[in-house]
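# Sequence first, then the predicted structure:
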Amino acid sequence: MEGIFVFMEEIIHEDEYEKVIKNPDASVRIIRKKEKETGKISWWFRISKKRWFEAWDGISIVQRAILLSLWLYAGKGTTCYPSIRELAERLKLSTCTINKNIKKLEKSGFIRIEKQKGRGRYFNKYFLLK
């Protein structure tokens, strides 16, 4: 699952940190920390124990990885728009695996998906529910 953690580091860019820091209502929190001595910026990814062990009980590790990725894309909001192809590339999974597991997440009530049209093509808008 190394690809998932590499993805988590890549998706958060320094210029985006103002948008993703500390949302108390979010299931997943992204925290920025600046080291005093070096000035280096570190990113911390947090999810509550209750969310990981209770609310997300019954979903596979692949579904959890997809759900966490969607939370990262959403930042401090609860909607995001990543393509299936992008999720597959970032998580080092096939597009079939992503599609199958996203459908399971929707059926289980973790996400809601709306098809939207933009620039002559359709895309998915994901609403994060749990």
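Right, received. Where do you want to start? Residues are numbered from 1 along each chain as shown.
# List the residues that contact Glu37.
Taking C-beta atoms under 8 Å, 6 or more residues apart in numbering as the definition of contact, Glu37 has no neighbours. No exception for glycine: its C-beta is placed from N, CA and C like everyone else's.
# Can you verify it is assigned to a strand?
No. Residue assignment for Glu37, taken from DSSP: H, G, I helix; E, B strand; the rest coil, gives coil, which places it outside any strand.
# For it, what are phi and psi?
phi -70, psi -50 (degrees, to the nearest 10).
# From Phe110, how far off is Arg121?
26 Å (C-beta to C-beta, to the nearest Å).
# So which of the two has more stuff around it?
Between Arg121 and Phe110, counting by other C-beta atoms under 10 Å, Phe110 is the more crowded of the two (22 against 7).
# Quick check: that one touching Ile59?
Yes. Under the criterion of C-beta atoms under 8 Å, Phe110 is in contact with Ile59, at a separation of 7.0 Å.
# Can you pull the residues that touch both of the two?
In terms of C-beta under 8 Å, 6+ apart, Phe110 and Ile59 are both contacted by the residues Leu67.
# can you give me the strands for this structure?
In order along the chain, the chain carries the following strands (DSSP state E): 28-34, 41-47, 79-80, 111-118, 121-128.
# Now do the last one: everything it contacts.
Okay, so that is strand 121-128. Residues outside strand 121-128 that contact it (C-beta under 8 Å, 6+ apart) are 27, 67, 70-71, 73-74, 78-84, 110-117.
# Also compute the angle for that strand relative to strand 111-118, please.
Relative orientation of strand 121-128 with respect to strand 111-118: 150 degrees, computed using axes from the mean of the first three to the mean of the last three C-alpha atoms, to 10 degrees.
# Direction included, what does strand 121-128 pair against?
Partners of strand 121-128 in the sheet, by DSSP bridges, are strand 79-80 (antiparallel), strand 111-118 (antiparallel).
# Since that was my last question, I'll sign off now.
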